[in-house]
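> after the sequence you'll find the predicted model.
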Amino acid sequence: MGKKKNVTFSDIAEYTHFSKTTISRYFNNPDSLTLENQQIISDALVKLNYKENKVARILANGKTEFIGVIVPDLYHHYYSEMLNQILSTYEKFGYKFLVFIGNEHDETERRYIRELMAYKIEGLIVMSHTISSKELSELQLPVVAIEREDQYISSVNTDNYMGGYQATNLLARHKCDILIHINSPTEQCVPSYGRLQGFQDLCKEKQLKHQIFIREMGHTYESTYKVILPLVEEMEKNFHGMKKGIFISNDTHANLLLNILIRKYGKFPDDYLIIGFDNSPISREAIIPISTIGQQIDTIAYEAVSLLVEQMNERKKRKPNIPDQPIHKIITPILLRRETTEGSLLFG
């Protein structure tokens, strides 16, 4: 029994009495055909049991349906959840993703980008902070940033200032004796700097006693633990007996702080309140659920891919209308009150 022959564009053209050019347009630009002709070809594909050859299609039109993604790390639960949500958009938009994990070395990340370009990606989503938006804007393909410096490229970000203000206000309403913010060094051009700004502004506005700790945390559990453990000892020494309201810059670090305190005391001590930022899964799954400022991660991921697809589709037009200025979308954060600030009020 002979091997079954693959159905070709010529076979489809012969069956439908259309030209091979019309069949090609159906696959590459279906809107250029009438709905009636689209239906005729679609029915023919079913009748002929057509199996699409993706490699052949890429060679024919140069479109890979690949999007590149560069994330800083997967230690921080925010990035792993954001990647999860980005990948889930395949069902809506039909694009596949090639993912690289950044390492804060600019030449290495440039090599990653060259590899992605060699795979003919049609667009790029960048969460890594290493390469400037100016350099990324010169890649000659659509680029969308998430929560990073974005002067020259389009982006989707949380309203970090509002989130920082909300977090600090929650701690203030609990009448803490000292408000504390823990963060990594952050440049003012990075959206997450707004978390520190929101904290500072509310403390000044309400004339609240406060302390800011800026420390380089690194990108691993071990490096972060070595920083937060001495911070706990410093807070214990300087603010002994005081009710401490701590706003820490992300949920991964908030969970580590929570674990250190529980190991030390055998419980979550009464003189600590903790709120994180992100609403990544760890905030809900922690041994004591962590109050947090919820970035709408699913919405951010969807909007980022949607914005990128819009830009990619525009470039496919015969006369593309490419905006002179990048587009920046801001997503509203949501305050989520859980046990690390509310205790028995919510869970008693």
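Received, thanks.
> and the closest residue to Ile282 other than its chain neighbours, its phi and psi?
With CB to CB, 6 or more residues apart in numbering as the criterion, Ile282 has its nearest non-adjacent residue at 4.4 Å, and that residue is His77. The way it works is simple: take the backbone N, C-alpha and C, and place the C-beta from them, glycine included. When quoted as degrees, to the nearest 10, the phi and psi of His77 stand at phi -60, psi -30.
> how about His77, what does it touch?
Applying CB atoms under 8 Å, 6 or more residues apart in numbering to His77 gives the contacts 251-252, 278, 280-282.
> tell me the buried residues within those.
251-252, 278, 280, 282 (16 or more other CB atoms under 10 Å).
> so which of those residues are in strands?
Taking DSSP state E as the definition of strands, these contribute Asp278.
> quick one: end-to-end length of stretch 51-67, please.
End-to-end distance of stretch 51-67 (CA to CA, to the nearest Å): 23 Å.
> what about that stretch, average pLDDT?
Averaging pLDDT along stretch 51-67 yields 63.
> go on, stretch 283-295?
The model assigns stretch 283-295 a mean pLDDT of 97.
> again with stretch 141-157
Mean pLDDT, stretch 141-157: 97.
> now the two most distant members of the contacts of His77.
The largest separation in the contacts of His77, counting by CB to CB, is between Thr252 and Pro281 at 10.4 Å.
> before we move on, the earlier item: Tyr119: which of the contacts of His77 is nearest?
Distance to Tyr119, by CB to CB, is smallest for Ser280 among those, at 29.1 Å.
> separation between Asn313 and Leu307?
11 Å (CB to CB, to the nearest Å).
> of those two, which one has the most company?
The neighbour count for Asn313 versus Leu307, taken as other CB atoms under 10 Å, is higher for Leu307 (21 against 12).
> count of residues packed around Glu91?
Neighbour count for Glu91, taken as other CB under 10 Å: 6.
> assign the nearest residue to Gln200 once chain neighbours are set aside to helix, strand or coil.
Spatially, and ignoring its direct neighbours in sequence, Gln200 is nearest to Ile212 (7.5 Å; CB to CB, 6+ apart). Of the three states, Ile212 takes strand according to DSSP: H, G, I helix; E, B strand; the rest coil.
> check contacts around Ile212.
Ile212 makes contacts with 180-181, 183, 196, 199-200, as judged by CB under 8 Å, 6+ apart.
> Ile70 - that's part of a strand, no?
Yes: per three-state DSSP, Ile70 lies within a strand segment.
> kindly provide the distance from the closest residue in space to it that isn't next to it in sequence to Gln188.
Of all residues not flanking Ile70 in the chain, Ser128 sits nearest, at 4.6 Å (CB to CB, 6+ apart). Per CB to CB, Ser128 is found 19 Å from Gln188.
> higher neighbour count, the two?
Legend: neighbour count by other CB under 10 Å for Ser128 and Gln188, higher for Ser128 (22 against 9).
> so the more buried one sits in a strand?
No: read with three-state DSSP, Ser128 is coil and lies in no strand.
> buried ones in stretch 108-118?
For stretch 108-118, the neighbour count (16+ other CB under 10 Å) marks 109, 112-113, 116 as buried.
> residue ranges for the strands of the stretch 1-150 of the chain, please.
66-71, 96-101, 123-126, 143-146 (DSSP state E, counting those that start in this stretch).
> between the second one and strand 66-71, how many degrees?
Going by axes from the mean of the first three to the mean of the last three CA atoms, to 10 degrees, strand 96-101 is angled at 20 degrees with respect to strand 66-71.
> so, low pLDDT: which residues of the stretch 151-300 of the chain?
By pLDDT under 70, the stretch 151-300 of the chain contains no weakly predicted segment.
> mind jotting down where the helices sit in it?
For the stretch 151-300 of the chain, the helices defined by DSSP state H, counting those that start in this stretch cover 160-173, 193-205, 221-238, 251-265, 281-285, 297-315.
> can you add distance to Lys134 and give those helices back as CSV?
Compiled in CSV, the helices of the stretch 151-300 of the chain are given as follows (distance: least, CB to CB, whole Å):
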stretch, distance to Lys134
helix 160-173, 22
helix 193-205, 19
helix 221-238, 29
helix 251-265, 30
helix 281-285, 34
helix 297-315, 18
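> out of those helices, flag the one nearest Glu36.
That would be helix 297-315 among those, by CB to CB, at 23.9 Å.
> for the closest one, the distance to its chain's centre please.
Average the C-alpha atoms of helix 297-315, do the same for its chain, and the two points are 12 Å apart (CA atoms, centre = their mean, to the nearest Å).
> what are the buried residues along whichever helix or strand comes after that helix?
The helix or strand immediately downstream of helix 297-315 is strand 328-331, counting by DSSP states H and E. Using 16+ other CB under 10 Å as the burial criterion, the residues of strand 328-331 that qualify are Ile331.
> ok, the nearest residue to Tyr15 once chain neighbours are set aside - contacts?
The shortest distance from Tyr15 to any residue other than its chain neighbours is 5.0 Å, reached at Ala44 (CB to CB, 6+ apart). Counting by CB under 8 Å, 6+ apart, Ala44 makes contact with 12, 15-16, 50.
> try Pro326
137, 150-155.
> any idea how far the residue lying closest to His219 once chain neighbours are set aside is from Val143?
Nearest residue to His219, sequence neighbours excluded (CB to CB, 6+ apart): Asp73, at 4.3 Å. To Val143, Asp73 is 20 Å away according to CB to CB.
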